[in-house]
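Peer 1: Give me a model of this one.
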Amino acid sequence: MAAEQATAPGPTRPVTGTIEDRPDGGGPGVRVEVPLRWGDMDAYGHVNNVRVASILEEARILAFGVPAGTGRPGAPAPMSLLDGVPDSVQVLISEHRIRYRRPLEYRTVPATVWVWVAAAKGASIEVAYSVRDGVDGAECVTAGTTMVFVDAATGRPVRLSEDQRETLTRLGRD
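Peer 2: Numbering: from 1, shown residues only. As a prediction, this is how the structure comes out:
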């Protein structure tokens with residue numbers, strides 16, 4: 001049994017997270033577990049504020065998948081950001097907003113992170129996060145990331161179709 005659990009998952013089984021109702025009652029989100037590392041901790045025993053941005057990145061990749069052309073395929077993510085988007089389009093970060101609600105203490109238990117698309121605009125999306133203590137479930141961090149769809153060859157924004165905006169925001173609805 002232990003050897004079976006250590007085996008890498010098959011390519012058709014999503015293991016990076018599950019779509020569940022968020023604890024704030026705001027609708028569904030992708031729930032992922034992000035391990036905390038000893039090096040994430042500052043001198044006060046809290047996860048360092050710079051490391052929180054890394055936790056958001058890990059949660060985003062676990063929830064939405066590895067961007068095309070950046071690695072080898074693995075387990076599929078619960079929700080893809082790039083369905084229907086040509087391979088020539090990149091999704092780039094244009095802004096992060098992070099609010100620290102209480103210290104995220106270092107633990108050997110992963111932080112629980114809910115991730116969802118809060119809004120889809122012309123050529124961008126707003127990704128929202130709720131980072132919670134893996135033991136008591138208390139919300140420690142709320143955050144948002146603006147991601148822009150860009151043509152890789154020209155560097156110009158690529159407008160999302162109405163269908164793409166609908167698909168991307170379906171998860172964040174109440």
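Peer 1: could you say which helix or strand contains residue 146?
Peer 2: Using DSSP states H and E, residue 146 maps to strand 139-151.
Peer 1: least trustworthy helix or strand in this structure by mean pLDDT?
Peer 2: Lowest by mean pLDDT, DSSP states H and E among the helices and strands of the chain is helix 2-6, with a mean of 37.
Peer 1: related to what we said a few turns ago, for the strand holding residue 146, name the packing helices and strands.
Peer 2: helix 49-64, strand 89-100, strand 124-132 (3 or more Cβ pairs under 8 Å, 6 or more residues apart in numbering; DSSP states H and E). C-betas here are computed from N, CA, C, even on glycine.
Peer 1: Which residue is the nearest non-sequential neighbour of residue 129?
Peer 2: residue 143 (4.4 Å; Cβ to Cβ, 6 or more residues apart in numbering).
Peer 1: Find the residue at the geometric middle of this structure.
Peer 2: Geometric centre of the chain, nearest residue: residue 60, 1.8 Å, by Cα atoms, centre = their mean.
Peer 1: May I ask you to confirm that that residue is in contact with residue 131?
Peer 2: No. Using Cβ atoms under 8 Å, residue 60 is not in contact with residue 131, being 11.8 Å away.
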